[in-house]
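Engineer: Build me a model:
(chains A and B, ligands or ions: 2)
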Amino acid sequence: MPLYHNEDQAMLADTAAGFMAEEGNIAKQLRHWRDRNCKDGFGHGLWKQMAEMGFTGMLVDEADGGLGMGHVEAGIVLEEIGRNLTPSPFLTSSVLAATALKHGSNDLKGRYLPGLIAGDSVFAVAIDETAKHRPQRITTRAEKSGNGFRLTGAKSFVIQGASSDMIVVAARTSGSDEDADGITLFAVPKDAAGMSHDAVRLVDSSMATHTKFDGVELDGDAVIGEIDGGRAVLDAMLLAGRVGAAAEGVGVARGAMDMTVTYLKQRKQFGKLIGEFQALQHRASHLYSEVEIARAVTIKAQQLLDAGAPSAELMASVAKAKVAKTARLAVQEGVQMHGGIGMTDEYDIGLYMKRDRALAEFLGDAYYHANRVAELSGY
Amino acid sequence: MADLETFRSETRAWLEANCPPEMRQPVRDEDDVYWGGRRATFKNDAQKAWLEACVAKGYTVPSWPKEYGGAGLSPAEAKVLREEMGRIGARPPLSSFGIWMLGPALLHFGTEGQKQRFLNEIARGEIRWCQGYSEPGSGSDLVSLQTYGEDKGDHWVVNGQKIWTSYADHADWIFCLVRTDKENKYGGITFMLYDMASEGVTTKPIKLISGNSPFCETFFDNVKVPKSYGDDVPAYVGTINRGWDVAKYLLGHEREMISGADGGDRTAGIGAAMKRHAARLGDELDPVLRAELAMFDVDALAYTAMGEKFLDEIKVGKAHPAQPNMMKYAGTELNKRRHELVMAVGGSRSLEWESEATEGGKPSRSWLRTKANSIEGGTSEVMLNVISKRILDLPGA
Ligand SMILES: Cc1cc2nc3c(=O)[nH]c(=O)nc-3n(C[C@H](O)[C@H](O)[C@H](O)COP(=O)(O)OP(=O)(O)OC[C@H]3O[C@@H](n4cnc5c(N)ncnc54)[C@H](O)[C@@H]3O)c2cc1C
Ligand SMILES: Cc1cc2nc3c(=O)[nH]c(=O)nc-3n(C[C@H](O)[C@H](O)[C@H](O)COP(=O)(O)OP(=O)(O)OC[C@H]3O[C@@H](n4cnc5c(N)ncnc54)[C@H](O)[C@@H]3O)c2cc1C
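Structural biologist: Ligands and ions are numbered 1, 2, ... in the order given. The predicted structure is shown next:
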């Protein structure tokens, strides 16, 4: 498969770019909700519009009412989300939770997917328990109780946890904390008794929760996939999420780079446009090269994942790590080359730096994934 | 798709029958590389047999048209051939500046007569070419070159000096940039082809930090270059005084080749191989070194994807014309980093300069050689200048 968008994908890219620039732009969404101290950190109106555009159910199978598209297509939307810093539940709901629900019973799909596709529901995922991503180790426990389970434990960095209608929770149903097996995924409804959210606003103005499960009673039909066999579903979900996060990161990098290059062509100092200084030109050109490379490997990872190739996991980690390094470079150079104005809240470049910081941490940072690359390559 | 699978199995069978086992070993030293030319000798029968088989099949230049010595393969078929050769570790049958640089320029700008003559010679490895671009005062600022060809009607008289001419002392012919109009900087250069045996051409080798001396200073002292070698075979490519266009086109191909975007494996990940290597030497990877290797592999595997994307985009005309500059910049910087890591993993062993075990000090010599990657074919700084100007459209760049 060639590593560029085919005609349909290019058309989707045009549509998504137009839509996000028009409806999802920084002034209309990120700043708007931030300045109002919105408790969700995003606008439900936009989420509804995204549903009308057909974005919300892209990764949902056609049989389940979705569009049955792939990760290349979802990545196209995510890249535009990244470029515009559009706050939305797309990554958590339409990519991560939707991937988990693929493995759910018809009953679960029937309960949750229509709301997602219509843009009425928002889902979160609760995986991490520590400040760094460490999905190998799951200590939150779900014990058999009647014909269901009792969930006890705590999760951190649950994006949009408090605004969600359902949270996909990874819990241990057997074995010891470090075991790979013995994991089960649950779809925990919003109003489950015994669940509490400590909501925090993050540096990028998004909302996350530290969520506690204090003997939450769950029906047996809340199980996604197989009891004790949830690791495979969790891995599939993480894989989709990482490739998606990489695509959004490419968007963040491109957005920051474009702003910076534009600024270099406008700002005058020492009687010249600062873009005339070779010291800055070379750094901008280096950045361009890195962004192109990050974009290439992200498309590669998306295609491998869509093809179900075994190498998708390696390439997903390469993409997540490469994008994290590249987006970091883009936002740091962005603020620096904007000079003093880059430090002001009024100017958008700093917002890219904040989003990059949060996105890079989500589902494993550059170090985590470089380490995965080493492990998967056998060293 | 089915056709491609048929092609693959046929190719596999052909390689099985025609590629001698000795030619499926990694290249160890200069002797293992066959450059062709009038004075070339084969190291062994296998090298000769492999070349002859490939020439007969058109596989020294698989994607060139059949009438010019190629096999007329489509890009997809050429990729299959590369993959199948890679699978058995087959050596390239012929290394040649004619194939990498002059050939593409002739295919694009040459007359029918030139193509018939020169391309077929190149494909068969009969004539070895060298590249006469750089001069002592004109490196990065190539267009300032001073070597002058005075018009004498049916011929030029060329005087001047070139430098860094790779393998000039082994070359039969030179493709050479010569100023033919002193008043016009860009529009006064002619792209000439002539015999290195011509009277007045002398070469003097320059020794490199790697200990090898693959290149030369080349002097032209009243060299007589005819304007034509026969019917429809002019001695210049393109138009007189418009050689700069040809030169730039050729540089694009040179950069792709140096960057490894041509499907070479110099930019793929190395962590796993280095770990095995260290284990063989009885060492363990230091955790910090392992981390550097992992970060390198991230960059290298991502770059490999970029190379693939770039080739895919070229096929359908989607690539930015200045993209080879970006590939060259990123690829060569990466290759330098790779060899730094190879040296680090090898430790004191990789410092050996003359040794059996390290095959004549291969790691250290290769490491030193890679430092030229970001200089030859245009320096990294010049690549960044071109990206600034042609892709980012930065002011005054
Ligand atoms: C937090 C903060 C506190 C400050 N406090 C004070 C204060 O108390 N008093 C005060 O007077 N000022 C203060 N400043 C202003 C500060 O001194 C300026 O921001 C700084 O000098 C840079 O100028 P600039 O912002 O106009 O950037 P610009 O000069 O526009 O520079 C933009 C970019 O172009 C680069 N650039 C500019 N010229 C060249 C060149 N010739 N070659 C290569 N690159 C070039 C810069 O390095 C930068 O990356 C403060 C700024 C900040 C952010
Ligand atoms: C191994 C090897 C093989 C070669 N083979 C051939 C060959 O076969 N035929 C041939 O003709 N040539 C050949 N060359 C020459 C090569 O093309 C030149 O070395 C190259 O173009 C750089 O020119 P220079 O060495 O004169 O460096 P200079 O142009 O003098 O550059 C010196 C330094 O200044 C920097 N610099 C120069 N201008 C700028 C600028 N505008 N902005 C920023 N930085 C700048 C350069 O990047 C470099 O770091 C070869 C070189 C090497 C190393």
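Engineer: In contact with the residue in the stretch 51-200 of chain B positioned nearest to ligand 1, which residues?
Structural biologist: Nearest residue of the stretch 51-200 of chain B to ligand 1: residue B:140, at 20.8 Å (CB to the nearest ligand atom). For every residue, glycine as well, the C-beta is placed using N, CA and C. Shown in contact with residue B:140 (CB atoms under 8 Å, 6 or more residues apart in numbering or on different chains): B:378, B:379, B:381, B:382.
Engineer: Counting only helices, which of those residues make the cut?
Structural biologist: B:381, B:382 (DSSP state H).
Engineer: what about residue A:9, how many residues close to it?
Structural biologist: 17 (other CB atoms under 10 Å in any protein chain shown).
Engineer: Is it in a helix, a strand, or coil?
Structural biologist: Following DSSP: H, G, I helix; E, B strand; the rest coil, the label given to residue A:9 is helix.
Engineer: just residue B:131 next, same as before
Structural biologist: Per three-state DSSP, residue B:131 ends up strand.
Engineer: nearest residue to residue 353 other than its sequence neighbours?
Structural biologist: Since no chain was named, I'll use chain A. Of all residues not flanking residue A:353 in the chain, residue A:331 sits nearest, at 4.0 Å (CB to CB, 6 or more residues apart in numbering or on different chains).
Engineer: think we crossed wires, I meant chain B
Structural biologist: Per CB to CB, 6+ apart, closest to residue B:353 is residue B:361, 4.3 Å.
Engineer: The one you found and chain A: what is the separation?
Structural biologist: 26 Å (CB to the nearest CB, to the nearest Å).
Engineer: quick one: contacts for that residue?
Structural biologist: B:211, B:352, B:353, B:354, B:355.
Engineer: among these, which are in strands?
Structural biologist: The members of these all map outside strands under DSSP state E.
Engineer: Please enumerate the strands of chain B.
Structural biologist: With DSSP E as the criterion, chain B has strands at B:129-132, B:148-151, B:155-166, B:173-179, B:189-195, B:201-206, B:215-226, B:236-237.
Engineer: Confirm that residue A:215 sits in a strand.
Structural biologist: Yes - counting by three-state DSSP, residue A:215 is part of a strand.
Engineer: That one and residue A:150 touch, don't they?
Structural biologist: Yes - with contact defined as CB atoms under 8 Å, residue A:215 and residue A:150 form a contacting pair (5.3 Å).
Engineer: Compare neighbour counts for the two and give me the winner.
Structural biologist: Using other CB under 10 Å as the criterion, residue A:215 and residue A:150 rank with residue A:150 on top: 17 against 12.
Engineer: what lines up beside the one helix or strand that one maps to in the sheet?
Structural biologist: According to DSSP states H and E, residue A:150 maps onto strand A:148-159. Take DSSP bridges as the rule and strand A:148-159 pairs in its sheet with strand A:141-145 (antiparallel), strand A:207-218 (antiparallel).
Engineer: That strand: how far from the chain's middle?
Structural biologist: Centroid separation between strand A:148-159 and its chain, computed with CA atoms, centre = their mean, to the nearest Å, is 20 Å.
Engineer: Residue for residue, what is the longest helix chain B has?
Structural biologist: Ranked by residue count, the top helix of chain B under DSSP H comes out as helix B:287-315.
Engineer: Quick check: buried residues in that helix?
Structural biologist: B:289-290, B:292-313 (16 or more other CB atoms under 10 Å in any protein chain shown).
Engineer: close to chain A, is it?
Structural biologist: Yes - counting by CB under 8 Å from any CB of the partner chain, chain A is contacted by helix B:287-315 at B:290-291, B:293-295, B:297-299, B:301-303, B:305-306, B:308-310, B:312-313, B:315.
Engineer: tell me what that helix is packed against?
Structural biologist: helix A:278-306, helix A:312-338, helix A:366-376, helix B:75-87, helix B:271-280, helix B:323-346 (3 or more CB pairs under 8 Å, 6 or more residues apart in numbering or on different chains; DSSP states H and E).
Engineer: Find the closest residue to ligand 1 in the stretch 201-350 of chain B.
Structural biologist: Taking CB to the nearest ligand atom, the stretch 201-350 of chain B has residue B:329 as its residue nearest ligand 1, at 20.4 Å.
Engineer: list the contacts for that residue?
Structural biologist: A:285, A:286, A:289, B:259, B:374, B:380, B:383, B:384, B:387.
Engineer: related to what we said a few turns ago, considering the contacts of residue B:140, which possesses the most neighbours?
Structural biologist: residue B:378 (24 neighbours).
Engineer: what residues are up against it?
Structural biologist: Residue B:378 makes contact with B:140, B:251, B:255, B:325, B:328, B:386, according to CB under 8 Å, 6+ apart.
Engineer: Mind pulling up the pLDDT for it?
Structural biologist: Residue B:378 is assigned 92 on the pLDDT scale.
Engineer: Then residue B:265?
Structural biologist: 54.
Engineer: ok so, going back, least confident of the contacts of residue B:329?
Structural biologist: For the contacts of residue B:329, the pLDDT minimum is residue B:259, 70.
Engineer: Many thanks, have a good one.
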